[in-house]
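**Q** sequence and predicted structure are below.
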Amino acid sequence: MPENVRTSSRPRVTLRDIAAHAGVSRSTVSLVMQESSLVAESTRQRVRDAIDALGYVYNRGAATLRSPRTATIGVVVHDIANPFFGALMAGIDETLQDADYVPFLVSSGDSLTRQARFLARMREHRVDALLLCPAEETPASLIETIADWGMPCIEVMRHVGPSPLGDYVGADLRTGIANAVRHLVALGHRRITLLAGTADHSADRERLAGYRQAMSEAGLDDLSRIVRGPLTRCAGRETTLELMRGDDAPTALICHNDLVALGALLALSHLGLRAGQDCAVVGVDDIDEAALTDPALTSIATHPRSIGRSAAELALKRIRTPDGERERIVLEAPLMVRASSQPSLARPQESP
């Protein structure tokens, strides 16, 4: 064997080794590992010091075989690249850290096949609960199947079927979009176009319902216009370029999310137009970048961090009370008005 290659002969540290080092019994060490309140804090610290000194690594896999819980929660989203889900995960992680739980995050890419594979793997790993943003076309029977597994499931932002079948946490997108239309109508806009996605899921349907409701209230049914496309910044730019070059160009755009809206701002700038003056732009989600654009983007705040916290709290509650009454938590989605939809805010400042 070459001299620079070494093998480790260090023996595996056992609970008896820790007990001997700390001067306690093996059962006491076991209680400390289980975070039992029966052990005094001074004794806990001695055991922890022994663990650090001996380099012991807790065998979580073996422990979960002896326990009904794994202190893990599965999280399935459909687009991990979207900043919304980054903020959502931050809220989930904050809550789970306080409860000493760990999240397992996967992205389905809106694929039913990928979603099914991830759910099967999470079941194999015995996650204690599931936070699920269902992929498009997920059948309602999936929620019943997960319930049959004995796994609490909280639907997040999307739900299967016309209404949630079980626990659900989301934002009031319908009211948020309707308020955006009302805001634009009050400014004198009539040609208000909705840039929607190509999907057909609950969150998409809520956006469309809010748009149609408010356009109808304003007597603008005949001017309603829904343009579908990918939900990316690039797609928002290309769609807006095409719309603004037409004879019936809109005077206002409501975008499915902030990424599409940011693309729309780029398109207007490319055409020598200014959002808020020549065409109003409204996004959805109010990601951090929305307030930093020039002009700043008006957006419907869905508060993803708060949704993440609420979803994680509900999952922990359902783990404790699996037979408790199912809950539907819908957070308000207020319109954050900025320069991209408000002419008085969009005017360039005059030089002194």
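**A** Nice, I can see it. Numbering: from 1, shown residues only.

**Q** how far does stretch 98-113 sit from the chain's center?
**A** On the basis of Cα atoms, centre = their mean, to the nearest Å, the separation between the geometric centre of stretch 98-113 and that of its chain is 10 Å.

**Q** cool, stretch 162-179 as well?
**A** On the basis of Cα atoms, centre = their mean, the separation between the geometric centre of stretch 162-179 and that of its chain is 14 Å.

**Q** same question for stretch 247-259.
**A** Centre-to-centre, stretch 247-259 and its host chain are 24 Å apart (Cα atoms, centre = their mean).

**Q** what of stretch 211-224?
**A** Shown here is stretch 211-224, whose average C-alpha point lies 30 Å from the average C-alpha point of the whole chain (Cα atoms, centre = their mean).

**Q** where does the stretch 101-250 of the chain have low pLDDT?
**A** Low-confidence regions of the stretch 101-250 of the chain, defined by pLDDT under 70, are absent; no residue qualifies.

**Q** now the strands: where do they sit in it?
**A** 102-107, 129-132, 153-156, 167-171, 192-196, 225-228 (DSSP state E, counting those that start in this stretch).

**Q** nearest to Ser269, of these?
**A** strand 192-196 (16.8 Å; Cβ to Cβ). (Glycine included, C-beta is placed from N, CA and C.)

**Q** Val284 is nearest to which of the strands of the stretch 101-250 of the chain?
**A** Distances from Val284 to each of the strands of the stretch 101-250 of the chain were compared using Cβ to Cβ; the shortest belongs to strand 167-171, at 9.0 Å.

**Q** tell me the strands beside the closest one, with direction?
**A** Partner strands for strand 167-171, per DSSP bridges, with pairing direction: strand 153-156 (parallel), strand 328-331 (parallel).

**Q** which SSE is immediately downstream of the last one?
**A** Pointing back at strand 328-331 there. Of the helices and strands lying after strand 328-331 in sequence (DSSP states H and E), the nearest is strand 335-336.

**Q** please work out the average pLDDT along that following strand.
**A** Over the span of strand 335-336, the pLDDT mean works out to 96.

**Q** residues contacting that strand, please?
**A** Gly176, Asn179, Ala180, His183, Val282, Asp286, Ala290, Ala291, Thr298, Ser299, Ile300, Ala301 (Cβ atoms under 8 Å, 6 or more residues apart in numbering).
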